[in-house]
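sequence-free structure coming up:
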């Protein structure tokens, strides 16, 4: 959500566990794209509702860095944010007084503009902008709100009179999907308050428990489950510091976004396996002062701690960029929340491209444990009437970056009001509506953004079929169980008393870290499982083809099975989980030792990234499977893994 002068952040202890280098020196390679099958270019050609509906088939999933539709064709999110159902009240005074609402616009907690233009006309405007998807924010309060919206709030849509805000939201979703748009539900806020800083909406569990937040999500997921053009669950908007505490990524406490988002994502996929799960990185942590650690890490922590869902082809990461914020700048113009750190608009185009890559677009690099699509689900700038030259230069440079990287995007916001003189009340809106319903859009002359917008929506882009790709996913047993196999989640505890992790169904174990309980999974070679007799191995009874690690304890899978999970006690090996193969597997193999350093095959998957930072890593080749693990309690080695038994898949 665009900030209108970030409120001062209160003083408290801060953390910097995962940001250890300056943002401009982060050594993450640029995003890599695969070769396109076809290319389209030129000015955008608006599609009618039937044309858009015929152009793609839900549900959506992912292949590497791309989102694809049900036929395997690339579906690039060319989206906008239709705001309002998250609330526009700014936190003081009468919520119905325009003076107390964002840009003087009272949304009555429903998507903006329904008082001024019929739904069909608003959607026609979206088509004219060249959009194919809508990010539709909502507040948790919407789920529980039993009040009815005032008639005046839906004056141009009398069919919506007498409805609750949630029922109006239902009608908007149905209209959008019926007109061919993909809809991504976005949990923007807890209560109906706009915006940002210390507004009670800082984290998913601000003003509510994590359990309540997840339950609200399941309510929404089940409500729209039958509509396959409702394609995604965008878990939470702009997670940031509250008065006393920072969010974190991987501490497994009550403020851990990484763990909370993964748990919620898996619960959502268990309820509706067809949805994309969209995870935005941390938008702000720390105290905005040169004396304290602070910053906007976004997706930077994903480089060494990525998420794995029970369906690994459903994860999309997202990030937000605005000119007046920065890698360590809150966006505040003055006061206790302001810092002297550079804003994104202060960077040269080359510097900006580097920053955007290291904070977000590196995730699109192929063949890594973190590889996923990145959706820039908010960006924007003040348009008609604005004379801010720095912001305009930033918008031009930023849209160039989106074009060059063929990045999925969603502009903020789509709909706003205009006053009696036709002047937009929120000049950031792409479409503004007067009280009589007159629409004024970015293409209607006088809006400097039009050339950049047309460049963006009409740019050459990867299109057509996207080939299936090998997946690499990490397991994180550092603090807790990491069960991401739907099959095993439905069964009893397979290694009681130990921390355990298992690969997503269809993947196998490919590597282990030494001493930090991390693991790497893959579907390289697509090994199939046969039968249901999965085996938990806790001793050496299956070491039958010779002692491949003399003097070491060994956990070895039975012949014709491969490791799909493991458990630890402390960081010591406790058990292997072995799945039967659908065919005979070779029993000849070799050991891969990693007790004195990394031992990962050159050119193998995910070797260009670190999935177990600070620990030695052992990894089998892409065409091999892990058949066993060796470890010892001698020489103060404490039972951590020292070697893998790697065998060929064929």
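Received, thanks. Just so it is clear, the model here is predicted, and its values are computed rather than measured.

can you give me the strands for the stretch 301-450 of the chain?
Assigned by DSSP state E, counting those that start in this stretch, the stretch 301-450 of the chain shows strands spanning 315-320, 374-378, 408-411, 415-417, 431-433, 439-441.

in its sheet, what does the second one sit against?
In the sheet, strand 374-378 lines up against strand 315-320 (parallel), strand 408-411 (parallel) (DSSP bridges).

can you tell which of these is closest to residue 124?
Among the strands paired with strand 374-378, the nearest to residue 124 by CB to CB is strand 408-411 (17.4 Å). In short, each C-beta sits where N, CA and C put it, glycine included.

distance between that closest one and the chain's centre?
Centroid separation for strand 408-411 versus its chain: 13 Å, with CA atoms, centre = their mean, to the nearest Å.

other residues contacting it?
Strand 408-411 has contacts (CB atoms under 8 Å, 6 or more residues apart in numbering) with 67, 76-81, 133, 135, 316, 373-380, 402, 430, 453, 456.

before we move on, the earlier item: so for residue 291, which of the strands paired with strand 374-378 sits nearest?
strand 315-320 (26.2 Å).

so which bits of that closest one are buried?
315, 316, 317, 318, 319, 320 (16 or more other CB atoms under 10 Å).

can you map out the helices along the stretch 201-350 of the chain?
For the stretch 201-350 of the chain, the helices defined by DSSP state H, counting those that start in this stretch cover 210-223, 257-271, 349-359.

and residue 560, which of those is closest to it?
Among the helices of the stretch 201-350 of the chain, the nearest to residue 560 by CB to CB is helix 257-271 (29.9 Å).

tally of neighbours for residue 287?
Residue neighbour count, defined by other CB atoms under 10 Å, stands at 20 for residue 287.

pretty sure it contacts residue 294?
Yes - between residue 287 and residue 294 there is a contact under CB atoms under 8 Å: 5.7 Å.

about what we covered before: residue 108 is nearest to which of the strands paired with strand 374-378?
Proximity to residue 108, assessed across the strands paired with strand 374-378 by CB to CB, is greatest for strand 408-411 (23.2 Å).

related to what we said a few turns ago, tell me which of the strands of the stretch 301-450 of the chain is the most buried.
Highest mean neighbour count among the strands of the stretch 301-450 of the chain (mean count of other CB atoms under 10 Å): strand 431-433, with a mean of 27.

which elements pack onto it?
Applying 3 or more CB pairs under 8 Å, 6 or more residues apart in numbering; DSSP states H and E, one finds that strand 431-433 contacts helix 119-128, strand 415-417, strand 439-441.

and for that strand, what are the contacting residues?
Here strand 431-433 makes contact (CB under 8 Å, 6+ apart) with 113, 116-117, 122, 125-126, 129, 384, 414-418, 424-426, 439-442.

strand partners of it, parallel vs antiparallel please.
In its sheet, and by DSSP bridges, strand 431-433 pairs with strand 415-417 (parallel), strand 439-441 (antiparallel).

need these in JSON lines (columns: mean pLDDT and distance to residue 581).
Below are those laid out as JSON lines (pLDDT from 0 to 100; distance: least, CB to CB, whole Å):
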{"stretch": "strand 415-417", "mean pLDDT": "98", "distance to residue 581": "54"}
{"stretch": "strand 439-441", "mean pLDDT": "96", "distance to residue 581": "58"}
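
can I get those in TSV with distance to residue 176?
Converted to TSV, the strands paired with strand 431-433 look like this (distance: least, CB to CB, whole Å):
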stretch	distance to residue 176
strand 415-417	13
strand 439-441	17
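
start to end distance for stretch 590-598?
By CA to CA, to the nearest Å, the extent of stretch 590-598 from end to end equals 16 Å.

related to what we said a few turns ago, what's the closest of the helices and strands packed on strand 431-433 to residue 626?
In terms of CB to CB, the element of the helices and strands packed on strand 431-433 nearest to residue 626 is helix 119-128, at 49.4 Å.

by contact count, what packs against that closest one?
helix 49-54, helix 165-178, strand 431-433, strand 439-441.

average model confidence for it?
On average, the pLDDT along helix 119-128 is 97.

and the angle for it with helix 165-178?
Orientation check (axes from the mean of the first three to the mean of the last three CA atoms, to 10 degrees): helix 119-128 against helix 165-178 gives 50 degrees.

before we move on, the earlier item: redo the helices of the stretch 201-350 of the chain as CSV? Include mean neighbour count.
Shown next, in CSV, are those (neighbours: other CB atoms under 10 Å):
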stretch, mean neighbour count
helix 210-223, 17
helix 257-271, 21
helix 349-359, 19
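
nearest to residue 511, out of these?
helix 257-271 (20.2 Å).

next secondary structure after the strand or helix carrying residue 134?
Element membership for residue 134 (DSSP states H and E) is strand 133-139. Towards the C-terminus, the helix or strand next in line after strand 133-139, according to DSSP H and E, is helix 140-144.

give me the buried positions along that next one.
Those would be 140, 141, 142, 143, for helix 140-144 by 16+ other CB under 10 Å.
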